[in-house]
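Q: Just to be clear, the model below is a prediction. Sequence and coordinates:
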Amino acid sequence: MLYRWWVVRVAAFVTLLSLLLIVGARVSRNALAQEPSDLLIYALGDNTVWLYDPFSRMSLPTPLTDFADFSIDGKLAYKVQLEVADDIYRNDVFIWDVQMAATAPINITQNPDADDSPLTWSRDGHYLALTSWRASNDGGIYIWDGETIRDITPSDLENIISFEQAMWSFDGKLAFAVSTEDDSGEIFVWDGDRTSNVSQNTENTETLSAWSIDGRLAFSSGQNRSYTIYVWDGISFVDGAPDTDSFINVTAEVFPSGLASNFRPVWTNDGYLIIRVRDTEIYRWDGQHTTRSDQLPIANSLGQNWTNDGQQAFYDARHIYIRDALDNMLAVLVGWRTAAWNRNDDLTFCRVGDILDGQWILAIWNGQEIVDIAESGYIKAQSQGGAVFYCFEI
């Protein structure tokens with residue numbers, strides 16, 4: 001037992017020293033080059049979590065077995081199961097700042113009577129949204145500001161089942177969906193002071209939302225294969241609640257009976273709203289009219305996202321297509337149907353590895369070449385401040 005204890009201590013020390021060397025070198029280099037940091041965290045099927053530096057192309061192990069969200073300023077949020085009494089376990093939320101690797105992770109919840117889970121960091125890394133479920137099955141959503149935790153749970157809801165699809169705006173508002181036993185889903189927004197019901201419609205399901213750069217909120221509403229996309233300007237209120245009369249129905253012009261499928265709307269960096277109707281149809285709303293888009297490089301598009309300078313990544317079941325802001329094709333990558341840009345406009349994605357063993361290869365396309373990072377049957381990855389994505393056989 002003593003031998004094992006020392007092995008763990010030495011391994012942890014080596015990992016910590018390596019992280020300090022990488023982070024220290026990056027801080028010095030970034031201070032000179034003024035480049036944003038873009039470390040990548042990834043978890044593999046063997047319950048290990050690794051930190052990858054695309055500049056040095058080095059992966060180093062961490063003490064974690066999983067993670068929830070990686071902030072833009074380098075803080076990892078994750079949960080740990082702790083035994084609070086004999087055979088009684090609860091989850092607490094921990095924060096580990098990888099930019100200060102010598103500092104031990106901190107437990108920000110420390111509540112033996114609740115199961116706590118992190119949701120997502122704000123875009124600037126100053127706030128963390130998290131959920132807490134009490135032993136009495138009462139659920140709540142909270143905000144940690146780095147020092148204290150604040151309850152932002154809607155006060156008029158009972159029998160909450162879940163909090164989903166939490167998404168921060170560019171100016172620090174949080175949109176999230178709440179489902180209860182009596183309501184399949186409504187969208188709420190916390191503006192830093194109060195929590196408001198945006199959708200205000202208990203008859204339909206509202207769970208998928210997206211913020212534009214200028215603060216508009218698009219969301220899907222409907223049921224039974226009839227969905228509508230609305231846009232709220234983010235500033236119109238009546239009696240303290242979002243003004244539903246100000247909502248713009250952006251799908252009525254081309255789909256007056258609603259959409260048959262429910263997909264999350266996507267904002268481009270230049271303010272267009274992209275609406276996916278089905279795998280073969282993508283529409284674009286320009287603020288006034290909704291028209292079918294002719295900018296897709298492929299017909300069967302399963303998803304798309306953009307960089308700050310307008311590069312586009314579209315993907316189907318087995319390929320990823322990269323175009324620049326002028327719609328010139330830059331690359332066609334053989335990859336799976338998921339990908340995410342980091343702040344340096346490198347694209348992280350997964351491609352097929354050993355088919356017989358169901359392996360995936362985590363890779364980065366840096367605009368010139370593909371760099372392989374790791375291989376596993378299950379991969380979960382996220383760059384700092386980027387989106388979490390998964391690769392596994394379905």
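A: All right, it came through fine.

Q: Not counting stretch 140-148 itself, show me its contacts.
A: 93, 108, 119, 126-134, 149-153, 160, 163, 166, 174, 176, 178, 190 (C-beta atoms under 8 Å, 6 or more residues apart in numbering). (Glycine included, C-beta is placed from N, CA and C.)

Q: Please indicate which of those residues are buried?
A: For these, a burial check counting by 16 or more other C-beta atoms under 10 Å picks out 93, 108, 119, 126-133, 149, 152-153, 160, 163, 166, 174, 176, 178, 190.

Q: Quick check: strands, which of these are part of them?
A: The members of the buried ones among the contacts of stretch 140-148 that map onto strands under DSSP state E are 93, 119, 128-133, 149, 160, 163, 166, 174, 176, 178, 190.

Q: so which of the residues you listed comes closest to residue 81?
A: Nearest to residue 81 among these, counting by C-beta to C-beta, is residue 93 at 11.5 Å.

Q: Kindly format the C-alpha coordinates of stretch 71-86 as PDB.
A: Taking C-alpha atoms only, stretch 71-86 is exported to PDB below (Å, rounded to 0.1, in the frame of the first residue of the first chain):
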ATOM      1  CA  SER A  71     -13.300  27.700 -20.100                       C
ATOM      2  CA  ILE A  72     -11.600  30.200 -22.500                       C
ATOM      3  CA  ASP A  73      -9.200  31.200 -19.700                       C
ATOM      4  CA  GLY A  74      -8.100  27.600 -19.000                       C
ATOM      5  CA  LYS A  75     -10.400  26.500 -16.100                       C
ATOM      6  CA  LEU A  76     -11.700  22.900 -16.200                       C
ATOM      7  CA  ALA A  77     -15.000  22.200 -14.500                       C
ATOM      8  CA  TYR A  78     -15.800  18.600 -13.600                       C
ATOM      9  CA  LYS A  79     -17.700  16.500 -11.000                       C
ATOM     10  CA  VAL A  80     -16.400  14.000  -8.500                       C
ATOM     11  CA  GLN A  81     -18.400  11.400  -6.700                       C
ATOM     12  CA  LEU A  82     -17.700  11.500  -3.000                       C
ATOM     13  CA  GLU A  83     -18.900   9.200  -0.200                       C
ATOM     14  CA  VAL A  84     -20.700  11.400   2.300                       C
ATOM     15  CA  ALA A  85     -21.900   8.500   4.500                       C
ATOM     16  CA  ASP A  86     -21.700   4.700   4.500                       C
END
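
Q: So what's the gap between that stretch and the chain middle?
A: When distances are taken as C-alpha atoms, centre = their mean, to the nearest Å, stretch 71-86 is centred 17 Å away from the chain's centroid.

Q: Okay, buried residues for it please.
A: For stretch 71-86, burial by neighbour count (16+ other C-beta under 10 Å) applies to 71, 72, 74, 75, 76, 77, 78, 79, 80.

Q: Would you map the strands across the stretch 251-394 of the chain?
A: Per DSSP state E, counting those that start in this stretch, the stretch 251-394 of the chain carries strands over the ranges 266-267, 273-278, 281-285, 290-292, 303-306, 312-315, 319-323, 329-334, 339-341, 347-352, 360-365, 370-376, 378-383, 389-392.

Q: Of all the ones you listed, which one is nearest residue 259?
A: strand 273-278 (5.9 Å).

Q: now for the closest one, which elements pack on it?
A: If contacts are counted by 3 or more C-beta pairs under 8 Å, 6 or more residues apart in numbering; DSSP states H and E, strand 273-278 sits against strand 226-232, strand 266-267, strand 281-285.

Q: and the angle for the longest one with strand 273-278?
A: Between strand 226-232 and strand 273-278, the angle formed by their directions is 170 degrees, by axes from the mean of the first three to the mean of the last three C-alpha atoms, to 10 degrees.

Q: How far does the following helix or strand past strand 226-232 sit from its chain's centre?
A: Using DSSP states H and E, the helix or strand that directly follows strand 226-232 along the chain is strand 237-238. Its chain's C-alpha centre and that of strand 237-238 lie 30 Å apart, by C-alpha atoms, centre = their mean.

Q: Return the list of strands paired to strand 237-238, each annotated with direction.
A: Sheet pairing here is set by DSSP bridges, and for strand 237-238 it gives strand 241-242 (antiparallel).

Q: average pLDDT for the strand it pairs with?
A: For strand 241-242, mean pLDDT rounds to 93.

Q: Distance of residue 160 relative to residue 186?
A: 11 Å (C-beta to C-beta, to the nearest Å).

Q: What separation do you get for residue 132 and residue 72?
A: According to C-beta to C-beta, residue 132 and residue 72 sit 24 Å apart.

Q: Of the strands of the stretch 251-394 of the chain, which shows the lowest average pLDDT?
A: strand 303-306 (a mean of 62).

Q: picking that back up, just the helices and strands packed on strand 273-278: most buried one?
A: Counting by mean count of other C-beta atoms under 10 Å, strand 226-232 has the highest mean neighbour count of the helices and strands packed on strand 273-278, with a mean of 22.

Q: helices or strands up against that strand?
A: strand 217-223, strand 248-249, strand 273-278.

Q: so can I have JSON lines of the ones you listed showing mean neighbour count and distance to residue 45?
A: Listed next are the helices and strands packed on strand 226-232 as JSON lines, based on neighbours: other C-beta atoms under 10 Å; distance: least, C-beta to C-beta, whole Å:
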{"stretch": "strand 217-223", "mean neighbour count": "22", "distance to residue 45": "33"}
{"stretch": "strand 248-249", "mean neighbour count": "16", "distance to residue 45": "44"}
{"stretch": "strand 273-278", "mean neighbour count": "20", "distance to residue 45": "30"}
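
Q: Same list, the ones you listed, but as a markdown table with distance to residue 144 please.
A: Below are the helices and strands packed on strand 226-232 laid out as a markdown table (distance: least, C-beta to C-beta, whole Å):
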| stretch | distance to residue 144 |
| --- | --- |
| strand 217-223 | 23 |
| strand 248-249 | 34 |
| strand 273-278 | 31 |
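
Q: how about JSON lines for the strands of the stretch 251-394 of the chain, with distance to residue 229 added?
A: JSON lines is the format used below for the strands of the stretch 251-394 of the chain (distance: least, C-beta to C-beta, whole Å):
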{"stretch": "strand 266-267", "distance to residue 229": "11"}
{"stretch": "strand 273-278", "distance to residue 229": "6"}
{"stretch": "strand 281-285", "distance to residue 229": "8"}
{"stretch": "strand 290-292", "distance to residue 229": "9"}
{"stretch": "strand 303-306", "distance to residue 229": "16"}
{"stretch": "strand 312-315", "distance to residue 229": "20"}
{"stretch": "strand 319-323", "distance to residue 229": "24"}
{"stretch": "strand 329-334", "distance to residue 229": "29"}
{"stretch": "strand 339-341", "distance to residue 229": "23"}
{"stretch": "strand 347-352", "distance to residue 229": "27"}
{"stretch": "strand 360-365", "distance to residue 229": "31"}
{"stretch": "strand 370-376", "distance to residue 229": "35"}
{"stretch": "strand 378-383", "distance to residue 229": "27"}
{"stretch": "strand 389-392", "distance to residue 229": "23"}
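
Q: Noted, bye for now.
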